[in-house]
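> pasting a predicted model and its sequence here:
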Amino acid sequence: MQGNLKIGFIGGGNMASALIGGLAGKLTAGANIHVVDPNADALQKLQSTFGVTTSPQIDAALAQCEVIVLSVKPQQMKDVVQQLRPHVSKQLVLSIAAGIRAVDLSRWLGGHAAIVRTMPNTPALIGKGITGMVAMDGVSDAQRNAADAIMRAVGATVWLDNESLIDPVTAVSGSGPAYVFYFIEAMQQAAQEMGLTAEQGNQLAIETFVGAAQLAANSTDPVSVLRERVTSKGGTTYAALTSMDGSGVKDAIVKALKAAAARGKELGEEFGKD
Ligand SMILES: NC(=O)C1=CN([C@@H]2O[C@H](COP(=O)(O)OP(=O)(O)OC[C@H]3O[C@@H](n4cnc5c(N)ncnc54)[C@H](OP(=O)(O)O)[C@@H]3O)[C@@H](O)[C@H]2O)C=CC1
Ligand SMILES: O=C(O)[C@@H]1CCC=N1
């Protein structure tokens, strides 16, 4: 159901666009969404597609918003938040940035306490996102509900008790779509190398992911059991999985996700100083 929640976005890039695409005309009218970004082309695209209002710089319209979403890169966050400070009083500030800690955002905003840190992902664009979220102590129940409603409008939400878990969430689901696309790209490449057309490889790889993910989502069995059901004794899947184990694929994936979480922590330390 569409309401009248006024939401400001600081940064109208990839992730903000995915969120706006999931929210506009659904949770709230596009005209209730105000986007600030220095990039005129990005603003024009968002304005014409979703009917949002726009500004090339932080402006007074943000003071009218009930929720302000911080959606710039971690490297840009401190400058942006310090410019935003005069326009923030009672609003809920919702950050989607990797790494940047709530305590640092609060300090840059002059002690503002109504902050929710979130980690969404780009399938939000089609209402299939998943967001990990954690609220600072100064967030009211109504604001927590508003944050949850925004993120549930674009997918599922998982609330965390401890902010440090946002880095593992970033590693698993925030960055996760990229790992899936990477795996699909590898399957497409193999398909072509074995004689299928690019179009056939594309369709076979993508539909396999869609079908397998849906099967896992609907199943009461663990995914390991679903995997075993594909793996006939002495058959083709066994040959593939044995090859993957021999190449250390699972260990490499675990290591990669730990590297992502470590980078999240490092971003907080690197850009959360002062
Ligand atoms: N992409 C993803 O899948 C996800 C991203 N995130 C988080 O979302 C945030 C944005 O990431 P992403 O969308 O990928 O990055 P983008 O670079 O696509 O978006 C950031 C946008 O902010 C703009 N910007 C720069 N300075 C300002 C400013 N002073 N005021 C307003 N806007 C400004 C940038 O413009 P310009 O390009 O000109 O600098 C750019 O358009 C990051 O903090 C990231 O950690 C979280 C979950 C998933
Ligand atoms: O790559 C990044 O840093 C951001 C955070 C999660 C997905 N994209």
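Here it is on my side, so go on. Ligands and ions are numbered 1, 2, ... in the order given.

> for whichever residue of the stretch 51-200 of the chain sits closest to ligand 2, give its distance to residue 98.
Relative to ligand 2, the nearest point of the stretch 51-200 of the chain is residue 174 (3.5 Å; Cβ to the nearest ligand atom). Any C-beta I mention is one placed from the backbone N, CA and C, and that applies to glycine too. Distance of residue 174 to residue 98, given as Cβ to Cβ, to the nearest Å: 7 Å.

> what do you get for residue 65?
23 Å.

> ok, now residue 20?
Counting by Cβ to Cβ, the gap from residue 20 to residue 98 is 19 Å.

> go on, residue 195?
Distance, residue 195 to residue 98, using Cβ to Cβ: 41 Å.

> so which of the two has more stuff around it?
residue 98 (23 against 8; other Cβ atoms under 10 Å).

> residue ranges of the strands in the stretch 151-274 of the chain, please?
Secondary structure of the stretch 151-274 of the chain (DSSP state E, counting those that start in this stretch): strands at 155-159.

> for it, what lies in contact range of ligand 2?
170, 174-175 (Cβ under 6 Å from any ligand atom).

> let me know the pLDDT of residue 11.
pLDDT, residue 11: 98.

> who's in contact with it?
36-37, 70-73, 76, 80 (Cβ atoms under 8 Å, 6 or more residues apart in numbering).

> please name the nearest non-neighbouring residue to the residue in the stretch 151-274 of the chain positioned nearest to ligand 1.
Residue of the stretch 151-274 of the chain nearest ligand 1, by Cβ to the nearest ligand atom: residue 174 (4.3 Å). Closest residue to residue 174 apart from its sequence neighbours, by Cβ to Cβ, 6 or more residues apart in numbering: residue 119 at 4.4 Å.

> was I right to think that neighbour contacts residue 176?
No: using Cβ atoms under 8 Å, residue 119 is not in contact with residue 176, being 10.3 Å away.
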